[in-house]
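Trainee: Predicted model follows, preceded by the sequence.
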Amino acid sequence: MSKVGAVAFVWHMHQPFFSSNEEIITYIFEFYHPLVKIHADLNLPLGLNISGVLLDKLINMKLTFINEVKRLVQRGLVEILASTYAHAIGFLIPLRHLELHVKYDLTLKQKIFQTSIYGFWPNDLAWFQTLAHIVVEHGLKYLIIEPTGIQLALSRDVWKLKTLGDSSMVSLNRSTKFIQIPDEMLYCVYKYRVDIEKKSFIYILLRNSKISWFLASDAVLFSSLARSSKSLDTIIDEIIRLVDNGAVFIIGGDAESINPRTALNYKKLLISLKERGVRILRPYELIKVNKEQACEIDYICSHTMFARHNIFMETIDDLNMLILLRDIFTLEMILCSFKGIELPEWLQKEILVAEDSGFFLWRKKTKKICINKLIKIIHTLQKMLGLKNKSISK
């Protein structure tokens, strides 16, 4: 039976600047290659966002994984997505840096894969309004985000008039009402108005966070699924129910989720969906499924996959990281805007790479490495300005 809706699988591959060659080789052969091979063997499409930083490393290391992905792109099985060059969170960095991240990432991927790029995967699925403008300016057609921002946007301030005395005066009582939408209605294609005057828009595809977290969590997936196939059957039935009711959504996340412990069940999931007639498409093809019925929306609340921004400022180390980043932004602005000195490309890329959000998410491993890198960049910028090595944060 033909299904009304459809689903696409999209996986994000990134290793930060402090990952060793040995670590990258391990990730390629234990995680990334098996994931891609599963889709190739089943002839099922997927979307891949390989960060620019990781791509540059793979090129320098001359690993064959890139050629493997190239062949699947040529076969039409893999759609390449854009993102920021390094794993930066857009709302934590200056606008000019975000623009450079997107520019470097797109340029590199188009050069390597020789293919059209339509979609954008925000790191940690962090949405904020300015991101849409930048993505549209670079000719991209859609963004993938969590449903959180749209759910929050549907929380409206409801103002009720209350008559006082002889009706000559009124007061406004404010109450917030959260509108619950069934998943089969929530997961559709959205058409976000970026600029009303220019009539520009971008399509929004939602990642099904519940299903994706299920697949992405070793603790959940393989403490439960390894013991019982019922859990896997339940998730398959849920996907089919949504698709049968016209839902269109993304499943995916960090590619490391599909590993030696999880690969077998992931393959079972794909086989079962294929056998039961679920349409598994490249992500850009999802837009065509219900493009005519796309839900127009002009506001989406800023959010991340963690649903809140302050996760990036929970410790003193986080605060120190942000202070050092602010020093870099200030020195760069003085050099470029007031002194008219353009940063060399290698230094600009060093700054972009240092903005990797891995610091905030993997603190124990990254604190010393990241802070030392930022300090080194600050010293370089101070030297260009003829300043002594001292903090300018006051």
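Mentor: Arrived safely.
Trainee: For residue 208, which non-adjacent residue is closest in space?
Mentor: Nearest residue to residue 208, sequence neighbours excluded (Cβ to Cβ, 6 or more residues apart in numbering): residue 249, at 4.4 Å. To be clear about C-beta, it is placed using only N, CA and C from the backbone, and glycine gets the same treatment.
Trainee: which stretches of the protein aren't confidently modelled?
Mentor: Low-confidence segments of the chain, defined by pLDDT under 70, are located at 1-3, 154-180, 196-198, 216-230, 306-316, 360-365, 388-394.
Trainee: related to what we said a few turns ago, show residues contacting the helix or strand containing the residue nearest to residue 208.
Mentor: Residue 249 is located in strand 248-254, with elements delineated by DSSP states H and E. Residues external to strand 248-254 that are found in contact with it (Cβ atoms under 8 Å, 6 or more residues apart in numbering): 5-12, 14, 46-47, 144, 187-189, 205-208, 211-213, 215-216, 239, 242, 283, 286, 289-290.
Trainee: and those residues, which are buried?
Mentor: The neighbour count (16 or more other Cβ atoms under 10 Å) marks 5-12, 14, 46-47, 144, 187-189, 205-208, 211-212, 215-216, 239, 242, 283, 286, 289-290 as buried among those.
Trainee: So which of the residues you listed sit within helices?
Mentor: Using DSSP state H, the members of those that fall within helices are 211-212, 215-216, 239, 242, 283, 286, 289.
Trainee: between these, which is nearest residue 319?
Mentor: residue 216 (28.9 Å; Cβ to Cβ).
Trainee: Check this protein for its longest helix and report it.
Mentor: From DSSP H, the single longest helix across the chain is helix 363-385.
Trainee: List the buried residues of that helix.
Mentor: Applying a neighbour-count criterion of 16+ other Cβ under 10 Å, the buried positions in helix 363-385 are 366-367, 370-371, 373-374, 377-378, 381-382, 384.
Trainee: again with stretch 320-335
Mentor: 320-322, 324-325, 327-328, 331-332, 334-335.
Trainee: And stretch 19-27, by the same measure?
Mentor: For stretch 19-27, a neighbour-count test (16+ other Cβ under 10 Å) marks 19, 24, 27 as buried.
Trainee: Closest one of those to residue 346?
Mentor: When the buried residues of stretch 19-27 are ranked by distance to residue 346 (Cβ to Cβ), residue 19 comes first, at 19.7 Å.
Trainee: Could you pull up phi and psi at that closest one?
Mentor: Backbone torsions of residue 19, given as degrees, to the nearest 10, read phi -70, psi 130.
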